[in-house]
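# okay, here's the prediction I keep looking at, along with the sequence it came from:
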Protein chains: 2
Amino acid sequence: MHNPLLIKLSHLCGLGPSDCSAMRFGEPHLVVPHHEILSDGQIVSHAGLLLSGMACRYKMVGDGRRAITAFFLPGDFLNQQMPERQRLDFGVAALTSCEIVDVPLAIWRDTGHSRLSDALTLLAGMDMAIARAWLANLSQRPADKRLAHLLCELRHRMAMVEMADGHSFRLPLIQQDLADALGLSTVHVNRVLQHIKEMGLIRIRDRTFLIGDLERLEQFAEFDPSYLHLGSASTGTSASSFRASPPSSIHL
Amino acid sequence: MHNPLLIKLSHLCGLGPSDCSAMRFGEPHLVVPHHEILSDGQIVSHAGLLLSGMACRYKMVGDGRRAITAFFLPGDFLNQQMPERQRLDFGVAALTSCEIVDVPLAIWRDTGHSRLSDALTLLAGMDMAIARAWLANLSQRPADKRLAHLLCELRHRMAMVEMADGHSFRLPLIQQDLADALGLSTVHVNRVLQHIKEMGLIRIRDRTFLIGDLERLEQFAEFDPSYLHLGSASTGTSASSFRASPPSSIHL
DNA sequence: CGATTACTTGACACCGGTCAAAGCCGGTGG
DNA sequence: CCACCGGCTTTGACCGGTGTCAAGTAATCG
């Protein structure tokens, strides 16, 4: 099995097969692009786990403006449903075709497997840390660094599920999605994208971002990945191994 | 005892004295304004509870810009420390003189009092809901509605600890604090503040905000308080009682 | 291939930032 | 009691980053 959640947890806190024995999954189901997965105001009693594809958490505000408050990658929970039967204050929509499976989180927690329970707590903490980083990003950084920072974060999270390395990763988003997440207009996202291309920080070929010099990109974005490794010990694994790759010279 | 946490929990989920019997508090201590309460990168193993005063969660970014990612009111936990011994990805600073007490959250959780444990979970959920609302606010609203929305939220949260009603509440913040939370410059906060004064939405007299017509203010801000009452049943209490106050006519 | 969706580009307006100076306190000390 | 002082607020002038509108080009998909 190549379950992205398991990959992530093994990287993140060294969870092994024995710790995962308590995990029970239901039947995965497919959602088509642009379809709503969870609706604002809905009451849910289960947790959705994204297996493949990309989704987002969002809120509609004012006239029809959409604020994207989170991106979901494979291995992410769509709703770390805290109390059981919570009423959602946000919607979740598929940005690409998505594979989703419902998970009985409460049961996972109560199996006595404290390591698994701790891992879930860790994921929830990561969710909050990401939200905090986004807040700082939105409120204090100019558009170019803002976009760069988001790209760094996504690359890093993709790396955790082995969908990225220091050189490239595929982002199946459209510029409108980036705009709604960054609080910018589509037009400006486009321009800023070109701008950081001209700076030689990235290159794009059909949705795949090519990174020449990761260190330079992260420095420009003021990106510090420590918020993505909350607390745990064996944190260096994925990051350092990818970081260890030669400063690169993808031919830009 | 007039512990703001108890007030909040009784409003929020009808917790009674019996549920609170398991709560053990240590010795409160005082922190002077501008002093750092928790430092970025610090490893903490306890939870700080704010008893009085006002504090903020923040991140420093780029050159010396400060991004405030949360305001703490009496009755709020400064760090809903998820895993024990987590490394903080943010700092916490006192904005006014603050009274703080450390609480052993892990012990509270394990006393078998599931209602108390649920309440703590609810508070954590509220923290996240607020962060999401801020994200939407920052990314999609113009300065005037942005500021108004924040004011509505703070008034509402103050009301939960009985420090506000539909007519007025005291906010001991300086404009710089608002600016750092809203992603605006101090100068612009000042102007926007005047602007919504001229609109007749608020009045200010020495740090106290007077609200003429709460409904109008909340409508202007597109403020929907439902995200602050996550999931629980007895949610209407504080809100509706305050809302019930006559449409007002504080003499503007 | 045609039609729809996504991406680019340019012109222009405006929101909000920056800089700098001037009032307005509240506190402190003479 | 007054003079001073430092932090906060208020103003004005000016500029730059982003938004908006609109048109055109390139992809993508039946």
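Yep, it's here. Small disclaimer: the values here were computed from a predicted structure and weren't measured.
# now check the lengthiest helix in chain A, is it near chain B?
Ordering each helix of chain A by length in residues (DSSP state H) puts helix A:114-140 first. Yes - legend: contact between helix A:114-140 and chain B by Cβ under 8 Å from any Cβ of the partner chain is shown at A:118, A:121-122, A:124-125, A:127-129, A:131-140. The C-beta positions use only the backbone N, C-alpha and C, and glycine is treated the same way.
# just the buried ones among those, please.
A:118, A:121-122, A:124-125, A:127-129, A:131-140 (16 or more other Cβ atoms under 10 Å in any protein chain shown).
# next, the contact list for the residue of chain A found nearest DNA strand D, please.
When scored by Cβ to the nearest atom of the strand, chain A has residue A:188 as its residue closest to DNA strand D, at 3.1 Å. By Cβ atoms under 8 Å, 6 or more residues apart in numbering or on different chains, residue A:188 lies in contact with A:143, A:179.
# again, only using 10 Å
A:143-144, A:147, A:175, A:179, A:182, A:195 (Cβ atoms under 10 Å, 6 or more residues apart in numbering or on different chains).
# what's the answer for residue A:202, then?
Applying Cβ under 10 Å, 6+ apart, the residues contacting residue A:202 are A:147-148, A:151, A:155, A:168, A:193, A:196, A:209-213, A:217, A:252.
# need those in TSV (columns: secondary structure and neighbour count).
Output for the contacts of residue A:202, formatted as TSV (DSSP: H, G, I helix; E, B strand; the rest coil; neighbours: other Cβ atoms under 10 Å in any protein chain shown):
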residue	secondary structure	neighbour count
A:147	helix	25
A:148	helix	25
A:151	helix	23
A:155	helix	26
A:168	strand	16
A:193	helix	18
A:196	helix	20
A:209	strand	21
A:210	strand	15
A:211	strand	24
A:212	coil	17
A:213	coil	18
A:217	helix	23
A:252	coil	13
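# any idea which element residue A:100 lies in?
strand A:98-103 (DSSP states H and E).
# just the CA coordinates for that strand, please, in PDB.
The C-alpha trace of strand A:98-103 is given here as PDB (Å, rounded to 0.1, in the frame of the first residue of the first chain):
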ATOM      1  CA  CYS A  98     -10.000  13.700  -5.800                       C
ATOM      2  CA  GLU A  99      -9.900  10.300  -4.100                       C
ATOM      3  CA  ILE A 100     -11.300  10.500  -0.600                       C
ATOM      4  CA  VAL A 101     -11.900   8.000   2.200                       C
ATOM      5  CA  ASP A 102     -13.900   8.500   5.400                       C
ATOM      6  CA  VAL A 103     -12.100   7.600   8.600                       C
END
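# what confidence value was assigned to residue A:204?
Among the per-residue scores, residue A:204 holds a pLDDT of 96.
# show me which residues of the stretch 151-252 of chain A sit near chain B.
Residues of the stretch 151-252 of chain A lying close to chain B (Cβ under 10 Å from any Cβ of the partner chain) are A:179-184, A:222, A:224, A:226-232, A:235.
# what number of residues lie near the spatially closest residue to residue A:126 that is not a sequence neighbour?
In this structure, residue A:126 finds its nearest non-sequential neighbour in residue A:230, 5.6 Å apart by Cβ to Cβ, 6 or more residues apart in numbering or on different chains. Residue A:230 has 24 neighbouring residues, counting by other Cβ atoms under 10 Å in any protein chain shown.
# pretty sure residue A:230 sits against residue B:88.
Yes - at 9.3 Å, residue A:230 counts as touching residue B:88 under the criterion of Cβ atoms under 10 Å.
# strands along the stretch 151-252 of chain A, start to end?
A:168-170, A:202-205, A:208-211 (DSSP state E, counting those that start in this stretch).
# which elements pack onto the shortest one?
Judged by 3 or more Cβ pairs under 10 Å, 6 or more residues apart in numbering or on different chains; DSSP states H and E, the packing partners of strand A:168-170 are helix A:143-160, strand A:202-205, strand A:208-211.
# which residues touch it?
In contact with strand A:168-170 (Cβ under 10 Å, 6+ apart) are residues A:54, A:151, A:154-159, A:163-164, A:202-211, A:250.
# mark which of those are buried, thanks.
Here, 16+ other Cβ under 10 Å leaves A:54, A:151, A:154-159, A:163-164, A:202-203, A:209, A:211 buried among the contacts of strand A:168-170.
# nearest to chain B among those?
Chain B has its nearest neighbour among the buried ones among the contacts of strand A:168-170 in residue A:156, at 13.8 Å by Cβ to the nearest Cβ.
# pull up the residues of chain A that are close to DNA strand D.
Neighbours of DNA strand D within chain A, by Cβ under 7 Å from any atom of the strand: A:142-144, A:183-185, A:187-188, A:192, A:206-207.
# do that again at 6 Å, thanks
A:142-143, A:184-185, A:187-188, A:206 (Cβ under 6 Å from any atom of the strand).
# ok, residue A:94 touching residue A:58?
No - in terms of Cβ under 10 Å, residue A:94 does not count as a neighbour of residue A:58; the distance is 11.4 Å.
# what sits in contact with each of those two?
residue A:36.
# could the contacts of residue A:188 go into JSON lines alongside pLDDT and distance to DNA strand C?
Below are the contacts of residue A:188 laid out as JSON lines (pLDDT from 0 to 100; distance: Cβ to the nearest atom of the strand, whole Å):
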{"residue": "A:143", "pLDDT": "98", "distance to DNA strand C": "12"}
{"residue": "A:144", "pLDDT": "98", "distance to DNA strand C": "14"}
{"residue": "A:147", "pLDDT": "98", "distance to DNA strand C": "12"}
{"residue": "A:175", "pLDDT": "98", "distance to DNA strand C": "4"}
{"residue": "A:179", "pLDDT": "98", "distance to DNA strand C": "9"}
{"residue": "A:182", "pLDDT": "98", "distance to DNA strand C": "13"}
{"residue": "A:195", "pLDDT": "98", "distance to DNA strand C": "10"}
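# let's see if you can find the most crowded of those.
Result: residue A:147 is most packed of the contacts of residue A:188 (other Cβ under 10 Å), 25 neighbours.
# hmm, residue A:192 and that residue touching each other?
Yes - in terms of Cβ under 10 Å, residue A:147 counts as a neighbour of residue A:192; the distance is 5.2 Å.
# give me the common contacts of these two.
A:178-179, A:182, A:184.
# which among those residues gets closest to residue B:98?
When these are ranked by distance to residue B:98 (Cβ to Cβ), residue A:182 comes first, at 33.9 Å.
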